[in-house]
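K.L.:
Any chance you could fold what I've pasted below:
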Amino acid sequence: MSIRPTAVAGTWYPGTAGALTRDVDAYLTAAADGPAGALQAIIAPHAGLMFSGPVSAYAYKATAHGDFDVAVMVGPSHFVAFEGVALWPEGAFDSPLGAARIDEEGAGKLAQSPIVQAMPAAHRREHSLEMQLPFLQHLAPGVPIVPLLMGHQTAATAHALGAALASTLSGRRALIVASTDLSHYYDAATAQTLDRVVIDCVRRFDADALQAALDVRPDHACGGGPAVAVMRAAHALGATESVVLQYADSGDVSGDKTSVVGYLAAAFGRFSRAAS
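P.N.:
You can find the predicted model right below:
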């Protein structure tokens, strides 16, 4: 079996199960409950856990209302440049909380899309998906995953991936995770102005508007393409509402507001109550 070893365990998050569980539990306890109803997708950040964990917890706490048979993670590639979408097709992703096995049947169906290709090399150093595992493995340890990395984040790739996800996941109890941080290394006031553009598009559940904003300024989000693709897929699979759950920046933890990274948690689905 092909095991993808951890790349940032022990640095970006605790490398032992006990310490990692304590941290994740603390973040979840501090986060507000998510909206009740049928959850289809979430947006969660992927920075070091001490920075992103307090925000990610809001997104993952919303999954408590769901019963999923697969979690599809879509993130940006930070280290390897390529066209299309890179899939880890088989085996498992290792983590301190146990290996997350690949849903090989679902991965195989996605690989039939011309936009998706098996490319394990793109995943080996990447943290954008690995940073979702502390919450996924803690809250849903038996749910298999499908790991996808977007290379060049073009509008065409985001559109094609959204369609492929919707087609492949139709009829399944799927959680789709868009892994993205927002603006990087501006002062907090500038970051909030840039991040508000993304937040407003997400709140309105408007993937076209988000794509248009990214076409003008890609630095609105490092995983903007994955967010657009996931929003499109969620809508096609029946999600009707978007809820912005939390926003913060790295300065809220570090105390340094002169150069921050923005973090967003959001949920998409059919909810019996909504909050923003």
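K.L.:
mind listing the helices for the stretch 151-276 of the chain?
P.N.:
Secondary structure of the stretch 151-276 of the chain (DSSP state H, counting those that start in this stretch): helices located at 155-169, 188-203, 207-216, 224-236, 251-254.
K.L.:
Highest mean neighbour count out of the ones you listed?
P.N.:
helix 224-236 (a mean of 27; mean count of other CB atoms under 10 Å). All C-beta atoms are positioned from the backbone trio N, CA, C, and that covers glycine.
K.L.:
helices and strands around that helix, which ones?
P.N.:
Packing partners of helix 224-236 (3 or more CB pairs under 8 Å, 6 or more residues apart in numbering; DSSP states H and E): strand 37-44, strand 70-76, strand 145-150, helix 155-169, strand 174-179, helix 188-203, helix 207-216, strand 260-271.
K.L.:
so whichever helix or strand comes after the first one versus strand 37-44, what angle?
P.N.:
Later in the chain than strand 37-44, the nearest helix or strand by DSSP states H and E is helix 49-61. Here helix 49-61 runs at an angle of 160 degrees relative to strand 37-44 (axes from the mean of the first three to the mean of the last three CA atoms, to 10 degrees).
K.L.:
where does the chain dip in pLDDT?
P.N.:
By pLDDT under 70, the low-scoring segments of the chain are 1, 273-276.
K.L.:
so how far is residue 266 from the nearest residue to residue 178 once chain neighbours are set aside?
P.N.:
Sequence neighbours aside, residue 230 is the residue nearest to residue 178 in space, at 3.8 Å (criterion: CB to CB, 6 or more residues apart in numbering). From residue 230 over to residue 266 the distance is 10 Å, taken as CB to CB, to the nearest Å.
K.L.:
Between the two, which contacts overlap?
P.N.:
residue 43 (CB atoms under 8 Å, 6 or more residues apart in numbering).
K.L.:
Tell me which residues touch residue 125, please.
P.N.:
7, 78, 79, 80.
K.L.:
cutoff 10 Å now
P.N.:
Counting by CB atoms under 10 Å, 6 or more residues apart in numbering, residue 125 touches 7, 8, 77, 78, 79, 80.
K.L.:
Excluding chain neighbours, what is closest to the fifth one?
P.N.:
Put plainly, it is residue 79. Using CB to CB, 6+ apart and skipping residues adjacent in sequence, the residue nearest residue 79 is residue 125, 4.9 Å away.
K.L.:
did I read that right, that neighbour in a strand?
P.N.:
No: read with DSSP: H, G, I helix; E, B strand; the rest coil, residue 125 is coil and lies in no strand.
K.L.:
Just give the closest residue to residue 33, not the sequence neighbours.
P.N.:
For residue 33, ignoring the flanking residues on the chain, the nearest one in space by CB to CB, 6+ apart is residue 61 at 6.2 Å.
K.L.:
I'd say that neighbour and residue 34 touch.
P.N.:
Yes: using CB atoms under 10 Å as the test, residue 61 is close enough to residue 34 to be in contact (5.2 Å).
K.L.:
Confirm that residue 7 sits in a helix.
P.N.:
No: per three-state DSSP, residue 7 lies outside any helix segment and is coil.
K.L.:
Go through stretch 90-101 and flag the buried ones.
P.N.:
For stretch 90-101, the neighbour count (16 or more other CB atoms under 10 Å) marks 92, 93, 94, 95, 96, 97, 99, 100, 101 as buried.
K.L.:
measure it end to end?
P.N.:
One end of stretch 90-101 to the other measures 8 Å (CA to CA, to the nearest Å).
K.L.:
sorry, back to before: now the helices and strands packed on helix 224-236 as CSV including distance to residue 139?
P.N.:
Formatted as CSV, the helices and strands packed on helix 224-236 follow (distance: least, CB to CB, whole Å):
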stretch, distance to residue 139
strand 37-44, 12
strand 70-76, 10
strand 145-150, 13
helix 155-169, 19
strand 174-179, 10
helix 188-203, 22
helix 207-216, 26
strand 260-271, 14
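K.L.:
what's the burial count for residue 219?
P.N.:
For residue 219, the count of nearby residues is 13 (other CB atoms under 10 Å).
K.L.:
Apart from its chain neighbours, what residue comes closest to it?
P.N.:
Using CB to CB, 6+ apart and skipping the chain neighbours, the partner closest in space to residue 219 is residue 183 (6.1 Å).
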